[in-house]
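> got a structure for you, letters missing:
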């Protein structure tokens, strides 16, 4: 996973920049339709649905698949599997 960290960072920035560009086109309509608390609730629900739940599922799935090989510290103190 460490070898893919830069690609993951680029992907996160692409998604963030895309939503930062697209959002202002529909945020005012959403605010007008749902109001401030409704818009905040919708955005909080989307964050929970699309980020927190997948991360929790990945952590849960990963915890059941331990290989039994102890992690050792590699270059720069990063844990690696041998």
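Received the coordinates, thanks. Small disclaimer: the values here were computed from a predicted structure and weren't measured.

> how far is stretch 10-27 from where the chain is centred?
Put simply, stretch 10-27 sits 14 Å off its chain's centre (Cα atoms, centre = their mean, to the nearest Å).

> now what about it, what contacts it?
residue 39 (Cβ atoms under 8 Å, 6 or more residues apart in numbering). Glycine gets a C-beta too; all of them are placed from N, C-alpha and C.

> residue ranges of the helices in this protein, please?
5-47, 53-63 (DSSP state H).

> Need the residue closest to the centroid of the protein.
residue 51 (4.7 Å; Cα atoms, centre = their mean).

> hmm, back to that, can the helices of the chain go into TSV with extra columns for mean neighbour count and mean pLDDT?
Below are these laid out as TSV (neighbours: other Cβ atoms under 10 Å; pLDDT from 0 to 100):
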stretch	mean neighbour count	mean pLDDT
helix 5-47	11	91
helix 53-63	10	87
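
> how near is residue 53 to residue 13?
The gap separating residue 53 from residue 13 is 22 Å, by Cβ to Cβ, to the nearest Å.

> nope, residue 30 is what I was after
Residue 30 is 24 Å from residue 13, by Cβ to Cβ.

> swap in residue 32?
Counting by Cβ to Cβ - residue 32 and residue 13 are separated by 30 Å.

> ok, now residue 37?
30 Å.

> Ok, residue 50 next?
17 Å.

> same question, residue 26
Counting by Cβ to Cβ - residue 26 and residue 13 are separated by 21 Å.

> Then residue 61?
26 Å.

> Could you do residue 49 as well?
21 Å.

> do the same with residue 24
For residue 24 relative to residue 13 (Cβ to Cβ), the value is 18 Å.

> Per-residue pLDDT of residue 74, please?
We have a pLDDT of 58 for residue 74.
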